[in-house]
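Colleague: sequence unknown, structure follows:
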């Protein structure tokens with residue numbers, strides 16, 4: 001049987017909830033479950049899939065927009081849940097009881113294989129207990145997820161360099177955030193080194209890591225108050241074109257949505 005490679009869908013991305021689906025011939029994996037179990041099942045159904053087939057769930061950190069559905073999915077579907085010890089300690093009281101045999105420690109900076117998927121974990125700079133994100137590999141395909149970070153250090157850039165696809169944070173437009181309704185202390189938190197990447201910062205970080213292998217870039221975790229999908233897209237595209245990158249030719253920039261899944265695509 002021909003290997004159909006890696007397929008991905010960003011089920012939801014934004015400040016209200018995050019979940020991403022990755023599929024290979026032998027593994028079906030979620031990264032984060034920051035919406036209700038019912039909503040995640042609806043999003044899965046919209047791409048022709050069901051949560052009953054998902055075997056593993058990787059958790060990035062304990063903020064509610066990443067773990068809201070973790071406990072429900074673990075109990076209802078028997079998924080194996082992977083997170084580092086700091087995240088387990090921080091989220092356990094929020095997600096309810098998870099059967100011991102389904103709880104797995106995935107240490108930061110380590111690698112793990114689930115079926116035919118090899119996964120690298122790496123730390124990011126965010127105001128959570130022990131935040132980490134993941135790059136997933138299958139055959140020649142690789143998919144790196146980087147949201148919820150104030151900046152991208154060289155150590156992370158080295159791990160995720162030249163992936164075939166990225167889900168990358170473009171949380172806010174700096175001017176919209178500065179002029180918006182948030183308190184000054186919250187604005188400072190978002191703009192800090194442990195906050196979130198702006199559209200400009202996301203574009204700059206992406207240019208440091210994308211390579212000849214890169215085909216898809218999904219712009220994720222957009223703030224509903226401090227960003228607009230079209231603005232994020234055009235900002236990243238314009239910055240890349242200014243640096244003579246062949247946007248739309250060598251690679252494609254794709255939008256994500258907090259309530260609607262991106263089509264299931266094969267890398």
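Modeller: Perfect, I can see it now. Keep in mind it's a predicted model, so treat the numbers as computed, not measured. Residues are numbered from 1 along each chain as shown.
Colleague: which stretches of the stretch 51-200 of the chain form helices?
Modeller: Taking DSSP state H, counting those that start in this stretch, the helices of the stretch 51-200 of the chain run over residues 64-67, 70-77, 85-95, 154-160, 174-179, 184-191, 199-209.
Colleague: same for the second one, what does it pack against?
Modeller: To tie it back to what came earlier, the one meant is helix 70-77. helix 37-46, strand 56-58, helix 85-95 (3 or more C-beta pairs under 8 Å, 6 or more residues apart in numbering; DSSP states H and E). Every residue, glycine included, has its C-beta placed from N, CA and C.
Colleague: What's the mean pLDDT across the shortest one?
Modeller: Pointing back at strand 56-58 there. Averaged across strand 56-58, the pLDDT comes to 98.
Colleague: same question, stretch 223-243
Modeller: pLDDT averaged over stretch 223-243 gives 97.
Colleague: Would you mind pulling the contact partners of it?
Modeller: 14-16, 170-173, 176-177, 180-182, 190, 196, 199-200, 202-204, 206-207, 217, 219, 222, 247, 253, 255, 257-258 (C-beta atoms under 8 Å, 6 or more residues apart in numbering).
Colleague: Now do residue 256 against residue 199, distance only.
Modeller: 14 Å (C-beta to C-beta, to the nearest Å).
Colleague: Also residue 114?
Modeller: 33 Å.
Colleague: who has more neighbours, the two?
Modeller: Taking other C-beta atoms under 10 Å, residue 114 and residue 199 do not tie; residue 199 has more neighbours (27 against 21).
Colleague: I'd like the distance between that one and residue 174.
Modeller: From residue 199 to residue 174 the distance is 8 Å (C-beta to C-beta).
Colleague: Residue 87 contacts residue 133, correct?
Modeller: No. Using C-beta atoms under 8 Å as the test, residue 87 is too far from residue 133 to be in contact (11.5 Å).
Colleague: between those two, what contacts are shared?
Modeller: Going by C-beta under 8 Å, 6+ apart, residues that sit against residue 87 and also against residue 133 are residue 60.
Colleague: if you count what's nearby, which of the two comes out ahead?
Modeller: residue 133 (27 against 24).
Colleague: Among the helices of the stretch 51-200 of the chain, which comes closest to residue 23?
Modeller: Smallest distance to residue 23 across the helices of the stretch 51-200 of the chain (C-beta to C-beta): 15.4 Å, for helix 70-77.
Colleague: could I get the helices of the stretch 51-200 of the chain as TSV with distance to residue 21 and mean pLDDT?
Modeller: Listed next are the helices of the stretch 51-200 of the chain as TSV, based on distance: least, C-beta to C-beta, whole Å; pLDDT from 0 to 100:
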stretch	distance to residue 21	mean pLDDT
helix 64-67	15	98
helix 70-77	12	98
helix 85-95	19	98
helix 154-160	19	95
helix 174-179	30	98
helix 184-191	27	97
helix 199-209	22	97
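Colleague: Now those helices in TSV, please, with extra columns for distance to residue 267.
Modeller: Putting the helices of the stretch 51-200 of the chain into TSV (distance: least, C-beta to C-beta, whole Å) gives the following:
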stretch	distance to residue 267
helix 64-67	23
helix 70-77	24
helix 85-95	27
helix 154-160	15
helix 174-179	32
helix 184-191	31
helix 199-209	16
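Colleague: closest to residue 122 out of these?
Modeller: helix 154-160 (4.8 Å).
Colleague: From the contacts of stretch 223-243, keep the buried residues only.
Modeller: Among these, those classed as buried by 16 or more other C-beta atoms under 10 Å are 14-15, 170-173, 176-177, 182, 190, 196, 199, 202-204, 206, 217, 219, 222, 253, 255, 258.
Colleague: Endpoints of stretch 234-251, how far apart?
Modeller: 15 Å (C-alpha to C-alpha, to the nearest Å).
Colleague: Identify each buried residue in it, please.
Modeller: Buried, per 16+ other C-beta under 10 Å, within stretch 234-251: 235-237, 239-240, 245, 251.
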